[in-house]
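Trainee: Kindly generate the corresponding structure for this input.
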Amino acid sequence: MPNAIIFGANGQDGYYLSELLHSKNITVTGTSRSGNWLPVDVRNYEQVAALIRQKQPDFIFNLAANSTTRHDALFENHETICTGTLNILEAVRIHAPHTRVFLSGSGLQFHNTGNPIKETDPFEATSPYAVSRIQSVYAARYYRSLGIRVYVGYFFNHESPMRPERHMSKKIAMAARRIAAGSDEKLLIGDVRVKKEWAFAGDIINGALALVQQDAVFEATIGSGEAYSIDEWLQQCFGLIGKDWKNYVVQDEHFVSEYQTLVADPTTIFSLGWTPVVSFSSLAKMMMTDNG
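Mentor: Predicted coordinates for the structure are as follows:
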């Protein structure tokens, strides 16, 4: 039976990936610094190498990251994303060169003009997080030159009921639910005109598996290619409870967004036969009814 290792299995992506792999009869070993997973630290080469040597996985998915662009996460991002990637790739080279390795990248590591972003577009180091993601891609390309099958899927904004409430999608959905139940709270939100993707995490993870099964394509932006503004998300969630979101939102005048639009050009991944299934409106309904 095929087997896979997921580094960073405790988030929403790890949850949906684990479910997907199990449905494909692929045995899963998950690792994380939290949750009910193996406490293998991707920053520790000895731990990573020992696990890869023991499991001889068919697939490795590296999802481990602190997904923040804050400068104070500089060293954590470097250790988890950069060093973690090198630890995995070197251990695969030495102990399991047959393994296919998937690395999660980000739309935030590209130069963003507001147009749809493709995997061949230039990188831009706009944050410590972007720096770490860029370095991990160059590591992937180097190890690919050594014969290791390393894939990079560049993720854009994707959501699910598994999101914690600190994320905008869940924050809005949960507030709308409380307001429907009688709460008179107000939501503090930044620029509601910002546009991004609101894809379903389960769909995006299906795209990651589709990519890592390829023999000729190694990098692709994995996204819906559809951008919606935050106020459109507010309309969806508050529309489901029959209320006008403008009566419950206070805009933070001091908030400065990192971008005005962040959206993928998914031409490559679409050409491989993958497309997202869950629509924007269906995702809102899911987030409003499922606690995760």
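
Trainee: How about Pro57: what's its closest non-neighbour residue?
Mentor: Ile5 (4.7 Å; Cβ to Cβ, 6 or more residues apart in numbering). Just so you know, the C-beta spots here come from the backbone N, C-alpha and C atoms, and that holds for glycine as well.

Trainee: for that neighbour, phi and psi?
Mentor: Ile5 has phi and psi values of phi -110, psi 130 when expressed as degrees, to the nearest 10.

Trainee: how far away is it from Val137?
Mentor: Ile5 sits 20 Å away from Val137, going by Cβ to Cβ, to the nearest Å.

Trainee: Between those two, which is the more surrounded one?
Mentor: Neighbour tally, Ile5 and Val137, criterion other Cβ atoms under 10 Å: the higher count belongs to Ile5, 28 against 19.

Trainee: And stretch 275-283, end to end?
Mentor: Length of stretch 275-283, first residue to last, Cα to Cα, to the nearest Å: 15 Å.

Trainee: Just give me how far that stretch sits from the chain centre.
Mentor: Taking Cα atoms, centre = their mean, to the nearest Å, one finds stretch 275-283 lying 16 Å from the centre of the chain it belongs to.

Trainee: Identify each buried residue in it, please.
Mentor: Buried residues in stretch 275-283, counted by 16 or more other Cβ atoms under 10 Å: 276, 278, 280, 283.

Trainee: for stretch 208-222, same thing?
Mentor: Buried residues in stretch 208-222 (16+ other Cβ under 10 Å): 208-212, 218-222.

Trainee: Cross those residues against strands and list the overlap.
Mentor: Counting by DSSP state E, these place 219-222 in strands.

Trainee: any chance of the residues you listed in JSON lines, with distance to Val249 and pLDDT too?
Mentor: Output for these, formatted as JSON lines (distance: Cβ to Cβ, whole Å; pLDDT from 0 to 100):
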{"residue": "Glu219", "distance to Val249": "38", "pLDDT": "98"}
{"residue": "Ala220", "distance to Val249": "36", "pLDDT": "98"}
{"residue": "Thr221", "distance to Val249": "31", "pLDDT": "98"}
{"residue": "Ile222", "distance to Val249": "31", "pLDDT": "98"}
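
Trainee: now, among those residues, which is nearest to Arg163?
Mentor: Of all these, Ile222 has the smallest distance to Arg163: 17.8 Å, by Cβ to Cβ.

Trainee: nearest residue to that closest one other than its sequence neighbours?
Mentor: Gly207 (4.0 Å).

Trainee: I figured that neighbour hits Ser224, correct?
Mentor: No: taking contacts as Cβ atoms under 8 Å, Gly207 lies outside contact range of Ser224: 9.8 Å.

Trainee: Mutual contacts of these two, please.
Mentor: By Cβ atoms under 8 Å, 6 or more residues apart in numbering, Gly207 and Ser224 have these common neighbours: Pro276.

Trainee: where does the protein dip in pLDDT?
Mentor: Filtered on pLDDT under 70, the chain yields the residue ranges 291-292.

Trainee: max-length helix in it?
Mentor: In the chain, assigned by DSSP state H, the helix with the most residues is helix 128-145.

Trainee: which helices and strands sit right next to that one?
Mentor: Under the contact definition 3 or more Cβ pairs under 8 Å, 6 or more residues apart in numbering; DSSP states H and E, helix 128-145 sits against helix 74-77, helix 84-95, strand 100-106, strand 149-155.

Trainee: what's next to that helix, contact-wise?
Mentor: Residues outside helix 128-145 that contact it (Cβ under 8 Å, 6+ apart): 65, 67-71, 73-74, 77-78, 80-82, 85-86, 89, 92-93, 101, 103, 105-106, 108-109, 123-125, 150-152, 218-219.

Trainee: again with stretch 70-82
Mentor: For stretch 70-82, contacts defined as Cβ under 8 Å, 6+ apart pick out 42-43, 64-66, 68, 127-129, 131-133, 135-136, 139.

Trainee: Ends of stretch 28-42, what's the gap?
Mentor: 16 Å.

Trainee: and it, which residues are buried?
Mentor: For stretch 28-42, the neighbour count (16+ other Cβ under 10 Å) marks 28-32, 37, 40-42 as buried.

Trainee: which phi and psi does the closest residue in space to Gln251 that isn't next to it in sequence have?
Mentor: Spatial nearest neighbour of Gln251, chain neighbours left out: Ile189 (6.1 Å); criterion: Cβ to Cβ, 6+ apart. Main-chain dihedrals, Ile189, degrees, to the nearest 10: phi -130, psi 150.

Trainee: and if you look at Ala216?
Mentor: phi -120, psi -20.

Trainee: ok, Thr268 - how many residues close by?
Mentor: Thr268 has 18 nearby residues by other Cβ under 10 Å.
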